[in-house]
Every structure is written in structure tokens, then in C-alpha cells.
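Asks: this is a predicted model, with the sequence first.
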Amino acid sequence: MTIKLPQAIKDYFDADRTGSPDAIAAAFTETGIVKDKGKTHRGRDAIREWMVEAGQLYTYTAEPFFIATENGKTQVTAHVVGTFPGSPIDLRFFFVLAGDKVAELEITV
């Protein structure tokens, strides 16, 4: 199933596929925020470090299959398969966008 993603979210998932921490960080605003696994990462440098750490621990692919928008947030559910405990799993990605960039991202089960 192919879904139509807003450009900023498409840019995030495209960057994620490359595995490049710099490309991921570039998908966010300068003051972007990521909440993942109980931690908050603020700013592009912290987001880059989050991706460096994740890349050292796991390899994975994420395939978005559902999108909905509510209360200013866009939820994308993706099927994620990789070398992490609990794989495969469907994760929910809650995005807040600012123009053509991601301002906030929260990843949950």
C-alpha cells in the first residue's frame, strides 16, 4: 500500500533509508525535537547524535503504511524490521511540521 506523505515527512523517511545522521538532522528545523525511547533530543546536533547511536546499535527498515492528521500532528504508522529486540514492529511517528521541515517527532509503539 502506497500512501501520500507530506514532503517534510517524505524527506525524513527518505533520509532514514540512507542511514545518514546528517541527512536525518537536515530534515529537521534548527531547533527540532525528537522524543524516542523516553529521551528527548533537542536541536540538529542532538538529533544527529541520536541517529549515530541508533546506527551503531541496530540496522532496520521502516515502511510507512498509514497516515492521519489530528490536532496539528500528523501520525504515520510504519512497519519496522531490523536487528533490534521485538522486531518486526509497527511504530507510530507523530510529526509536527514547520514549512518544509520537521519541528517535532515522537516515536511510540
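Replies: Perfect, thanks for sending it. Numbers count the residues shown, from 1 in each chain.

Asks: parallel or antiparallel, list what pairs with the helix or strand containing His41.
Replies: For His41, the host element (DSSP states H and E) is strand 39-42. If you go by DSSP bridges, strand 39-42 pairs up with strand 28-36 (antiparallel).

Asks: buried ones in the strand it pairs with?
Replies: By neighbour count on 16 or more other CB atoms under 10 Å, the buried set for strand 28-36 is 28-29, 32-34, 36. The way it works is simple: take the backbone N, C-alpha and C, and place the C-beta from them, glycine included.

Asks: can you check stretch 53-63 too?
Replies: 54, 60, 62.

Asks: contact partners of that stretch?
Replies: With contacts defined as CB atoms under 8 Å, 6 or more residues apart in numbering, stretch 53-63 is touched by 13, 16-17, 19, 21, 78-84, 87, 91.

Asks: which among those residues count as buried?
Replies: With burial judged by 16+ other CB under 10 Å, the buried subset of the contacts of stretch 53-63 is 13, 16, 21, 78, 80, 91.

Asks: export those residues as TSV, with columns for pLDDT.
Replies: Below are these laid out as TSV (pLDDT from 0 to 100):
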residue	pLDDT
Phe13	97
Asp16	95
Pro21	96
Ala78	98
Val80	97
Leu91	98
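
Asks: now, which of the residues you listed lie within helices?
Replies: Using DSSP state H, the subset of the buried ones among the contacts of stretch 53-63 located in helices is 13, 16, 21.

Asks: among these, find me the one that's closest to Lys4.
Replies: Closest approach between those and Lys4, by CB to CB: Phe13, at 12.4 Å.

Asks: and that closest one, how far is that from Glu63?
Replies: 9 Å (CB to CB, to the nearest Å).
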